[in-house]
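Asker: test case, fold it:
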Amino acid sequence: MNETYLSILKKAGETFIRLGVRSVTMDDLCRELGISKKTLYAHFEDKNALVLAVLKAHIDFMERSATEVFNLESENPMAQFIQFTECMAPQMQSMHPALLHDLQKYHQDAWNLLEAHKSTFVFELIRQNLERGIKAGYYRDTINVPLVASFYTSLADELLGGKRYPNQPLTLSEIHREMIHYHLHGIASEKGFEYLKKTAQKYQ
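Answerer: Numbers count the residues shown, from 1 in each chain. From the prediction side, this is the model:
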């Protein structure tokens with residue numbers, strides 16, 4: 001990958017997060033980047049290809065970050081889970097409300113990639129965390145691990161599917177925080193609850 005390609009990916013990703021996908025044209029990106037349309041189309045044949053490449057790069061980054069956090073030696077898998085969700089929080093706060101809807105409606109290949117990421121990588125990440133948490137005593141040993149991992153990915157579907165709650169005017173980051181709160185309190189053992197009492201207020 002050359003420098004121009006990487007620069008386009010980075011700037012396009014920042015722009016899509018800030019403004020959504022549908023409202024940003026290839027002309028807009030050329031102006032943002034200070035490059036010609038010829039240069040942009042030399043690297044990406046159309047907007048669909050650009051959106052897909054941006055999402056692939058983002059998913060690769062998230063998977064590397066998650067793997068680094070969850071592969072660390074730790075006696076507390078609950079703390080690792082919280083650490084990972086805190087890494088995600090800034091992105092949730094800056095994400096344009098229309099971004100996910102735009103992907104689902106106008107860029108099906110990118111949306112399918114995101115769905116596959118949730119159903120494979122995210123599911124496996126949560127499954128392993130649950131098993132480690134049970135072994136370490138922070139999660140209840142009576143939980144059905146595959147089922148609860150599926151519950152979590154279903155909650156992620158609600159969140160990433162862009163569903164809004166008209167009677168609860170919450171931001172994406174606020175909904176995400178409540179989702180994590182719900183998940184942790186649903187699986188915590190007595191030892192886990194004691195740990196939650198000591199963590200940041202948003203998880204209590």
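
Asker: tell me the first helix or strand C-terminal of the lowest-mean-pLDDT helix or strand in the chain.
Answerer: Here the helix or strand of the chain ranked lowest by mean pLDDT, DSSP states H and E is helix 77-94, holding a mean of 82. Per DSSP states H and E, helix 77-94 leads on to helix 99-106 as the next helix or strand towards the C-terminus.

Asker: just checking, what packs against that following helix?
Answerer: The contact analysis (3 or more Cβ pairs under 8 Å, 6 or more residues apart in numbering; DSSP states H and E) places helix 99-106 against helix 108-117. Glycine gets a C-beta too; all of them are placed from N, C-alpha and C.

Asker: which of the residues in the helix or strand that comes right after the helix it packs on are buried?
Answerer: Once helix 108-117 ends, the next helix or strand along the chain (criterion: DSSP H and E) is helix 123-136. Judged by neighbour count (16 or more other Cβ atoms under 10 Å), helix 123-136 contains these buried residues: 123, 125-127, 129-130, 132-134, 136.

Asker: contacts only, for the residue nearest the centre of the chain.
Answerer: Nearest to the geometric centre of the chain sits residue 88, at 6.4 Å (Cα atoms, centre = their mean). By Cβ atoms under 8 Å, 6 or more residues apart in numbering, the contact set of residue 88 is 62, 176.

Asker: quick one: it from residue 68, how far?
Answerer: 14 Å (Cβ to Cβ, to the nearest Å).

Asker: coming back round to it: output the least confident helix or strand of the chain as PDB, nothing but the C-alphas.
Answerer: What follows is helix 77-94, C-alpha atoms only, in PDB (Å, rounded to 0.1, in the frame of the first residue of the first chain):
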ATOM      1  CA  PRO A  77     -11.300 -11.100  32.500                       C
ATOM      2  CA  MET A  78     -14.000  -8.700  33.600                       C
ATOM      3  CA  ALA A  79     -11.400  -5.900  33.800                       C
ATOM      4  CA  GLN A  80     -10.200  -6.800  30.300                       C
ATOM      5  CA  PHE A  81     -13.700  -6.600  28.900                       C
ATOM      6  CA  ILE A  82     -14.200  -3.200  30.500                       C
ATOM      7  CA  GLN A  83     -10.800  -2.000  29.100                       C
ATOM      8  CA  PHE A  84     -11.800  -3.000  25.600                       C
ATOM      9  CA  THR A  85     -15.200  -1.300  25.800                       C
ATOM     10  CA  GLU A  86     -13.500   1.900  27.000                       C
ATOM     11  CA  CYS A  87     -11.300   1.800  23.900                       C
ATOM     12  CA  MET A  88     -14.400   1.800  21.800                       C
ATOM     13  CA  ALA A  89     -16.100   4.600  23.600                       C
ATOM     14  CA  PRO A  90     -14.500   7.600  21.800                       C
ATOM     15  CA  GLN A  91     -15.500   6.100  18.400                       C
ATOM     16  CA  MET A  92     -19.100   5.800  19.600                       C
ATOM     17  CA  GLN A  93     -19.100   9.400  20.700                       C
ATOM     18  CA  SER A  94     -17.900  10.800  17.400                       C
END
